[in-house]
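Participant: next comes the sequence, and after it the predicted model I'd like to discuss.
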Amino acid sequence: MDRILYTASNGAARILEQQSIIANNMANVATTGFRAQLAQYRSVPVVPEAGELPTRVSTVAATPGSDMSQGAMVDTGHALDAAIAGPGWFAVQTPQGEAYTRAGEFAVNQQNQLVTQGGWPVLSAGGQPIEVPDRGSLTFASDGQISALGAGDNPRDVQLLAQFKLVNPPAAQMQRGDDGLFRMANGQPPAQPDPAVKIAPGFVEKSNVNPAQTMVAMIANARQFELQMQVVKNASSNEDRGNSILSVQN
């Protein structure tokens, strides 16, 4: 069998992998704080056997990453919304340990804890869940300080609850999880708070996925896949012709 079948099918497999990542990005165009996932593959020459010419090139998946550029900031005016202004992350607690997110659409759960829309407790600078007074109203400061005013309290009795744990580890030290959250890679300890990270109260950061570019990439990938399948079809056709010629000669 012509080895072009293997190289073409390998290329088609890489394209399908990339297409699934592009489709996931497209599905998260409206997800708050989402970071577009990057998929890359590179060509690798196939080492020929003795007497053969180096005419085959295979493909392998390169190390995937994420686009860390800032998404659009939208003013919601909601008291429990906050966006990271510039680089940085909110820290949250998950069953798999501490994780990081840019999604600042917070809520208060039945245990009076400040949580994300996914239900994960938001962590304070001390690494603990943030407790909210019953029916209390919260105010966020740009440095991450959280103040609360209890129901019926005098406005002068505002109390300082905690401070968001805001971190900014190097992107190379973080990895994306299947749940969309980021964590420290290779079992590294949790990131330390970074006082340089600031937030924008009353804002949320939208996904940084560009819908137009993503749609173009999806169409281009589909066409590339069709070309790979055409190569497989042509190789099979050429093999059939070659076999028919040999049959006639015999």
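Facilitator: Now that the structure is in, tell me what you want to look at.
Participant: how many other residues sit next to the closest residue to residue 36 other than its chain neighbours?
Facilitator: Once flanking residues are discounted, residue 36 sits nearest to residue 67: 4.1 Å by C-beta to C-beta, 6 or more residues apart in numbering. C-betas here are computed from N, CA, C, even on glycine. The tally of other residues near residue 67 (other C-beta atoms under 10 Å) stands at 14.
Participant: so which bits of stretch 69-88 are buried?
Facilitator: 71, 80-85, 87-88 (16 or more other C-beta atoms under 10 Å).
Participant: any chance of these in JSON lines, plus pLDDT?
Facilitator: Formatted as JSON lines, the buried residues of stretch 69-88 follow (pLDDT from 0 to 100):
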{"residue": "71", "pLDDT": "94"}
{"residue": "80", "pLDDT": "95"}
{"residue": "81", "pLDDT": "96"}
{"residue": "82", "pLDDT": "97"}
{"residue": "83", "pLDDT": "96"}
{"residue": "84", "pLDDT": "97"}
{"residue": "85", "pLDDT": "94"}
{"residue": "87", "pLDDT": "95"}
{"residue": "88", "pLDDT": "96"}
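Participant: ok, these vs residue 102, which is closest?
Facilitator: residue 84 (5.6 Å; C-beta to C-beta).
Participant: ok, for residue 180, nearest residue in space, not its chain neighbours?
Facilitator: Distances taken as C-beta to C-beta, 6+ apart place residue 34 nearest to residue 180, at 7.0 Å, with adjacent residues excluded.
Participant: give the other helices and strands that the longest helix along the chain contacts.
Facilitator: Across the chain, the helix with the greatest residue count (assigned by DSSP state H) is helix 211-249. Contacts defined by 3 or more C-beta pairs under 8 Å, 6 or more residues apart in numbering; DSSP states H and E place helix 211-249 against helix 4-27.
Participant: run through the neighbouring helices and strands of the helix it packs on.
Facilitator: strand 37-38, strand 41-45, strand 57-61, helix 211-249.
Participant: give the buried residues for stretch 196-204.
Facilitator: Buried positions in stretch 196-204, judged by neighbour count with 16+ other C-beta under 10 Å: 197-204.
Participant: for this protein, what helix or strand is lowest in average pLDDT?
Facilitator: For the chain, using mean pLDDT, DSSP states H and E, the weakest element among its helices and strands is strand 57-61, scoring a mean of 72.
Participant: check whether residue 203 really touches residue 79, as I assumed.
Facilitator: No: using C-beta atoms under 8 Å, residue 203 is not in contact with residue 79; the gap is 11.8 Å.
Participant: okay, now the domains of the chain?
Facilitator: 4-67+209-249, 73-205 (automatic domain parsing).
Participant: tell me the mean pLDDT over stretch 185-202?
Facilitator: For stretch 185-202, the mean per-residue pLDDT is 94.
Participant: and the contacts of it?
Facilitator: 73, 75-79, 81-89, 91, 97-98, 100, 104, 125, 127, 139-144, 164-169, 173-175, 184 (C-beta atoms under 8 Å, 6 or more residues apart in numbering).
Participant: 7 Å instead?
Facilitator: Stretch 185-202 is contacted from outside by 73, 75-78, 81-86, 88, 98, 125, 140, 142-144, 164-169, 173-175, 184, using C-beta atoms under 7 Å, 6 or more residues apart in numbering.
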